[in-house]
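1. Curious how this folds, go ahead:
(one chain, ligands or ions: 2)
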Amino acid sequence: MKRINIGLLGYGTVGSGVATILINNQYDISTRTGSNISIKKAFVRNLLKERPFSEQIAFTNNPDEIIEDPEIDIIVEVMGGIEPARSYIIKSLQRGKHIVTANKDLLALHGDELFQIAEQNKRELCFEASVAGGIPIIAAIKQSLTANRLFSIMGIINGTTNYILSAMTEQGRDFQDVLQEAQELGYAEADPTSDIEGIDAARKLAILSTLAFNTKVNLSDVFVEGITKITATDIQYAKELDCVIKLLAIAKNRKRGIEVRVHPALLPKNHPLATVSGVYNAIYLTGDAIGEAMFYGQGAGSLPTGSAVVSDIIQIVKNIASESKVIDSINNYRNYPIKAAYDFTTSYYIRLKVKDEPRVFATMALYFAEAGISFKSIIQKPRSNNNAEIVLVTHPCKESQLRQALDSLSSYEKLDKIYNVIRLEANCI
Ligand code: NAP
Ligand code: HSE
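-> Ligands and ions are numbered 1, 2, ... in the order given. Below you'll find the model as predicted:
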């Protein structure tokens with residue numbers, strides 16, 4: 001049986017999951033691949049830390065012991081961050097190694113460069129684990145759905161924020177309180193900024209939409225808004241409107257360009273994504289042949305993410321055996337224009353406080369009417385000091401129209417405060 005040696009750059013949450021799967025499922029994997037796949041060495045920072053399988057795996061703090069080892073065929077980068085991960089991958093490709101990575105931060109910023117170097121060196125650069133952990137969405141888009149013209153992707157692709165919003169919805173708790181719990185449970189990073197500000201989801205969306213629409217989508221193309229302004233009150237109003245609030249990653253392939261955005265949104269309770277709760281991820285997409293499809297599973301964690309990494313390793317091992325390759329040339333990408341935020345069309349939820357007096361609602365409605373915006377539903381609740389809290393839900397309109405209405409409204413003396421403006425997504429087509 002052919003022997004394939006793996007080198008791991010990093011042996012933390014994901015790296016140890018990869019080792020667990022390769023070791024525990026060794027018999028099945030060798031039967032499926034006809035190869036004996038083993039981890040020759042793992043690169044870590046701290047050689048003194050206790051690690052699973054330390055009796056079977058050699059550890060080093062010198063990356064060259066892996067990158068320069070002629071017996072290592074595949075290098076798995078699961079250390080994270082930009083540098084030195086980027087330089088190690090480049091050097092490894094130049095030394096003829098195939099690469100598997102889970103690093104969405106790196107791919108969203110330097111994907112082009114890395115794929116080019118992989119192509120020049122005729123080596124694979126696989127990244128299933130970089131989006132939605134254990135959900136095989138990259139393989140689905142690249143292979144299973146490749147016959148389709150994909151129209152749209154709508155996903156819950158950050159587990160931390162979904163955990164926070166789910167707990168706020170199900171237990172009526174406040175954002176800060178649940179964030180702290182998510183950190184204690186190890187879901188959110190020590191610095192959770194990229195999760196709660198939507199940046200992690202935006203990186204994953206850039207990767208997904210590039211593949212799905214065959215056009216280059218950069219991280220800077222994605223409109224991003226996080227969940228930090230969502231309050232328990234907004235969640236309560238969402239319930240009254242038969243909706244839930246989710247952090248959605250949305251990509252649409254339109255005649256006039258690609259629309260890519262990550263933001264919190266009200267979603268009708270009967271939408272397939274509305275029931276995705278806790279740290280789970282899901283991706284709902286539409287295509288001309290498949291119609292609608294949804295992929296659901298664990299978006300993070302040692303074994304689910306390890307499962308995605310090992311699937312890439314197995315694919316590479318099969319390709320080595322059959323002397324074929326899976327590389328998709330990045331030169332095939334088209335260059336569709338990216339739509340600006342003011343051009344997005346959605347419905348809006350607007351929560352505000354105004355004086356509870358005659359003509360106030362009529363004046364406010366006039367500002368919206370002048371911007372060509374029509375209301376779909378309205379909730380008004382009396383508050384103290386002759387004030388009223390009002391929630392307006394609009395019919396779909398352009399963001400530029402909404403900005404015009406809010407600009408006019410902001411100088412109205414009877415307006416006390418605009419608490420929040422949240423988009424509302426009814427469907428994805
Ligand atoms: P982690 O638990 O922090 O592990 C990182 C590993 O890399 C550790 O073994 C660490 O060594 C090593 N490392 C990091 N920087 C290093 C450096 N400069 N020099 C030497 N060793 C270094 O991270 P993780 O959660 O496994 O994440 C790894 C990658 O997978 C990231 O790109 C992440 O975005 C991605 N990912 C993670 C998940 C998840 O559920 N965790 C899901 C999807 C994708 P020490 O052990 O000695 O500190
Ligand atoms: N921080 C990420 C999340 C980990 O919460 O989804 C998986 O990429």
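
2. what helix or strand does the residue of the stretch 301-429 of the chain found nearest ligand 2 sit in?
-> Relative to ligand 2, the nearest point of the stretch 301-429 of the chain is Thr305 (7.2 Å; C-beta to the nearest ligand atom). Placement of C-beta: from N, CA and C, glycine included. Assigned by DSSP states H and E, Thr305 falls within helix 302-322.

3. Skip ahead from that helix and say which helix or strand is next.
-> Counting by DSSP H and E, what follows helix 302-322 is strand 345-355.

4. can you tell me how far Glu184 sits from ligand 1?
-> Relative to ligand 1, Glu184 is positioned 16 Å away (C-beta to the nearest ligand atom, to the nearest Å).

5. er, Pro337 actually
-> Taken as C-beta to the nearest ligand atom, the span from Pro337 to ligand 1 is 30 Å.

6. quick one: that residue and Gly257 touch, right?
-> Yes - between Pro337 and Gly257 a contact is recorded at 4.0 Å, counting by C-beta atoms under 8 Å.

7. The two: who's more crowded?
-> Between Pro337 and Gly257, counting by other C-beta atoms under 10 Å, Gly257 is the more crowded of the two (15 against 11).

8. and the more buried one, what is it in contact with?
-> Neighbouring residues of Gly257 by C-beta atoms under 8 Å, 6 or more residues apart in numbering: Tyr336, Pro337, Ile338, Lys339.

9. So how do I select the buried members of these in PyMOL?
-> Filtering those down to the buried ones (16 or more other C-beta atoms under 10 Å) takes a single PyMOL command:
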select buried, resi 336+338+339
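
10. got the contacts of Gly257 as CSV, with pLDDT columns?
-> What follows is the contacts of Gly257, written out as CSV (pLDDT from 0 to 100):
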residue, pLDDT
Tyr336, 90
Pro337, 92
Ile338, 92
Lys339, 90
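
11. Nearest to ligand 1, out of the contacts of Gly257: which one, please.
-> Ile338 (24.7 Å).

12. Run through the residues that contact that closest one.
-> Val217, Asp221, Gly257, Ile258, Glu259, Val260.

13. In CSV: those residues, plus pLDDT.
-> What follows is the contacts of Ile338, written out as CSV (pLDDT from 0 to 100):
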residue, pLDDT
Val217, 93
Asp221, 95
Gly257, 91
Ile258, 95
Glu259, 96
Val260, 97
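
14. tell me the pLDDT at the one residue in the stretch 1-150 of the chain that gets nearest to ligand 1?
-> Closest to ligand 1 within the stretch 1-150 of the chain is Gly12: 1.9 Å, counting by C-beta to the nearest ligand atom. At Gly12, the pLDDT value in this model is 94.

15. so how far is Asn270 from it?
-> Using C-beta to C-beta, to the nearest Å, Gly12 is found at 40 Å from Asn270.

16. Could you give the number of residues near the residue of the stretch 251-400 of the chain found nearest ligand 2?
-> Ligand 2 sits closest to Ala300 of the stretch 251-400 of the chain, with a gap of 3.6 Å, by C-beta to the nearest ligand atom. Other residues lying near Ala300 total 23 when counted by other C-beta under 10 Å.

17. residue contacts, it?
-> Gly133, Gly159, Tyr187, Val279, Asn281 are the contacts of Ala300 under C-beta under 8 Å, 6+ apart.

18. And Leu145, by the same measure?
-> So Leu145 contacts Leu285, Gly287, Ile290, Ala293 (C-beta under 8 Å, 6+ apart).

19. among those residues, which are in strands?
-> Residues of the contacts of Leu145 located in strands (DSSP state E): Leu285, Gly287, Ala293.

20. out of these, who has the most neighbours?
-> For those, the largest number of neighbours (other C-beta under 10 Å) sits with Leu285, at 25 neighbours.

21. quick one: that residue and Ala212 touch, right?
-> Yes - with contact defined as C-beta under 8 Å, Leu285 reaches Ala212; the gap is 7.2 Å.
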